[in-house]
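**Student:** Test case, fold it:
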Amino acid sequence: MSNSVMKRRSLFPMVAAFGAAATMGIRSAQAASYPSQTINFIIPYGPGGGFDAYGRKFSELMAGFYGNKINIEPINMPGAAGREAIFNLSHDAPDGYNISLANVPGLFLQKSGGGLDLMKMSWIANLGRDSYGVAVSAKGNIKDLAGLQALSAQRSVGFSSTGAGSTDYFATKVLAASLGLKINIVSGYKGSMSSAVAVARGDVDVVVHSLTTLEKLQKSGLVRIIFVFQEKSPLPGVEDATSINKPDLGKIFQWRPVVAPPGLPPAILTNLSTALVSVAKSPDASAWAKKIHTTLHPLAHDETLDMIKTQKALVDKWRTVI
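**Tutor:** Next up, the predicted model:
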C-alpha cells in the first residue's frame, strides 16, 4: 500500500514537469509567430481626451511598424477612473493580444481590491509624460505662491479638479500639504478643460492642470501660471520645485504607459516594447505630439518598470494627505 502510494507520488513531479515543458513549448511557439492576429489596444477612458488620442494614434503607428499586416484595434473601455479596464486586463491571457494604456499615477491613488496587483502587471513601455502647472485668474490679485499662501491664511482656497483618482487631484493635494495651504477641492467637472476654465470664470481660486493647456489659456489672457511641477520651470519667472525647495513636486507628471496581463512572455514583452518605443521616436509621432501639444517620453520595459516603482513610492509617501 505504502509502496503504491509512493509510486503514485513519484509520478507527480514527472507529470508536472511534462505539463510545464509543454506549456513552455506552446508559449515559445506563440512568441516566435507573434503577432499573428489582431491586437486590442485598450483605452481606459471614453472617446476624447489625452488617453484616447494616444490610443488611436499609437494603434495606427503600431500597425505601420508591423507592415500593416496586423490590425491594431483601439477599444474604449471607460470606468472607475481608468481602473476597470486594467482590472479586466489583469484576468486576460498573457499572449500579447490585449494591451492597454494606463493612468499613472492615477491608478495608485485608488484603493486596491478584487485581487488586482499593479506591480504584477507586465509593464511594456511608456509613451508620454505631460507636465502640470498651477494657475489663477489673470484678473485676480494672486500673483505667485506667496499670494496663494496669504489667501490661505484668511480662508480656504478653492481648487477645481476632475476628481479623486486623477493626477491633478494628487498634485493639488501634495501641493497643499507642501505649502501648508487650507483648501477646498471643487470636483464634478465633466472634462479637464472645464475644470481649467473654472478658474478664469471665478468659480474657484486655483487650478492644477496640464501645463500645455494652461499655457494656451494664459496666451488668451484668461489665467496666470504661478508654478510648474518640474525641477526647472520652462517658463521665465515662474517658480518650480527647485526654487521652493520641494523636490517631490518636481516628480509629479501625467505618464502614458502601456501594460499587459501578468506573466507576458519575455519575447513578446520585448517585441511590443521595441515596437512602441520605435514608433514613439518616429518623425510621425513627433509631428503628432507637437500638433496636440503633448510631450513624448518613450521608455522601454525596464525603464518603464523603474518609473512605475518610483511613482508608486511617491504616492505611498503622500497617501496620508490624499
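**Student:** switch to C-alpha atoms for all contacts and neighbour counts from now on
**Tutor:** OK.
**Student:** Pull up the pairing partners for the lengthiest strand in the chain, direction included.
**Tutor:** If you go by DSSP state E, the chain has its longest strand at strand 122-130. Within its sheet, strand 122-130 is paired with strand 254-260 (antiparallel), strand 296-299 (antiparallel), according to DSSP bridges.
**Student:** Neighbouring strands of the next helix or strand after it in the sheet, and parallel or not?
**Tutor:** In the C-terminal direction, the helix or strand that comes right after strand 122-130 (DSSP states H and E) is strand 132-137. Strand pairing for strand 132-137, determined by DSSP bridges: strand 206-210 (antiparallel), strand 223-228 (antiparallel).
**Student:** How far does the following helix or strand past strand 132-137 sit from its chain's centre?
**Tutor:** Later in the chain than strand 132-137, the nearest helix or strand by DSSP H and E is helix 145-154. The gap between where helix 145-154 is centred and where its chain is centred comes out at 31 Å by CA atoms, centre = their mean, to the nearest Å.
**Student:** what's the very next helix or strand once past helix 145-154 packed up against?
**Tutor:** Helices and strands here follow DSSP H and E; after helix 145-154, the next one along the chain is strand 157-160. If contacts are counted by 3 or more CA pairs under 8 Å, 6 or more residues apart in numbering; DSSP states H and E, strand 157-160 sits against strand 183-186, helix 192-201, strand 206-210.
**Student:** give me the number of residues near P257?
**Tutor:** Around P257 sit 26 other residues, with neighbours defined as other CA atoms under 10 Å.
**Student:** Double-check it against N126; I have them as touching.
**Tutor:** Yes - the criterion here is CA atoms under 8 Å, and P257 meets it with N126 at 3.9 Å.
**Student:** Common neighbours of the two, please.
**Tutor:** Taking CA atoms under 8 Å, 6 or more residues apart in numbering as the contact rule, P257 and N126 both touch T304.
**Student:** one step back: which outside residues touch the longest strand of the chain?
**Tutor:** 210-211, 253-264, 269-270, 272-273, 276-277, 280, 294-301, 303-305.
**Student:** ok now it, how far from the chain's centre?
**Tutor:** With CA atoms, centre = their mean as the basis, strand 122-130 stands 7 Å off its chain's centre.
**Student:** now do stretch 56-73
**Tutor:** Its chain's C-alpha centre lies 21 Å from the corresponding centre of stretch 56-73 when counted by CA atoms, centre = their mean.
**Student:** ends of it, how far apart?
**Tutor:** As for stretch 56-73, its first-to-last residue distance stands at 8 Å under the measure CA to CA, to the nearest Å.
**Student:** Buried residues of that stretch, list them for me.
**Tutor:** By neighbour count with 16 or more other CA atoms under 10 Å, stretch 56-73 contains the buried residues 56-65, 70-73.
**Student:** on that earlier part again, for the longest strand of the chain, give the mean pLDDT please.
**Tutor:** Confidence over strand 122-130 (mean pLDDT, whole number) is 98.
**Student:** per-domain residue ranges of the chain.
**Tutor:** Here the chain is described, according to automatic domain parsing, as comprising the domains 30-130+254-321, 132-250.
**Student:** Quick one: end-to-end distance for the shortest one.
**Tutor:** Between the opening and closing residues of domain 132-250 there is a gap of 10 Å (CA to CA).
**Student:** Now do the helices in the stretch 201-322 of the chain.
**Tutor:** Across the stretch 201-322 of the chain, reading from the start of the chain, the helices by DSSP state H, counting those that start in this stretch fall at 211-219, 266-280, 283-292, 301-317.
**Student:** Rebuild those as JSON lines, extending it with mean neighbour count, distance to V174 and mean pLDDT.
**Tutor:** Formatted as JSON lines, the entries for these read as follows, by neighbours: other CA atoms under 10 Å; distance: least, CA to CA, whole Å; pLDDT from 0 to 100:
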{"stretch": "helix 211-219", "mean neighbour count": "18", "distance to V174": "17", "mean pLDDT": "92"}
{"stretch": "helix 266-280", "mean neighbour count": "20", "distance to V174": "30", "mean pLDDT": "98"}
{"stretch": "helix 283-292", "mean neighbour count": "13", "distance to V174": "28", "mean pLDDT": "97"}
{"stretch": "helix 301-317", "mean neighbour count": "17", "distance to V174": "9", "mean pLDDT": "97"}
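**Student:** Out of these, flag the one nearest F41.
**Tutor:** Taking CA to CA as the measure, the helices of the stretch 201-322 of the chain were each checked against F41, and helix 266-280 came out nearest at 11.6 Å.
**Student:** any idea of the angle that closest one forms with helix 283-292?
**Tutor:** Orientation of helix 266-280 against helix 283-292 (axes from the mean of the first three to the mean of the last three CA atoms, to 10 degrees) gives an angle of 60 degrees.
**Student:** any weak-confidence spans in this protein?
**Tutor:** When the per-residue scores of the chain are filtered using pLDDT under 70, the ranges that remain are 1-30, 112-114, 190-192.
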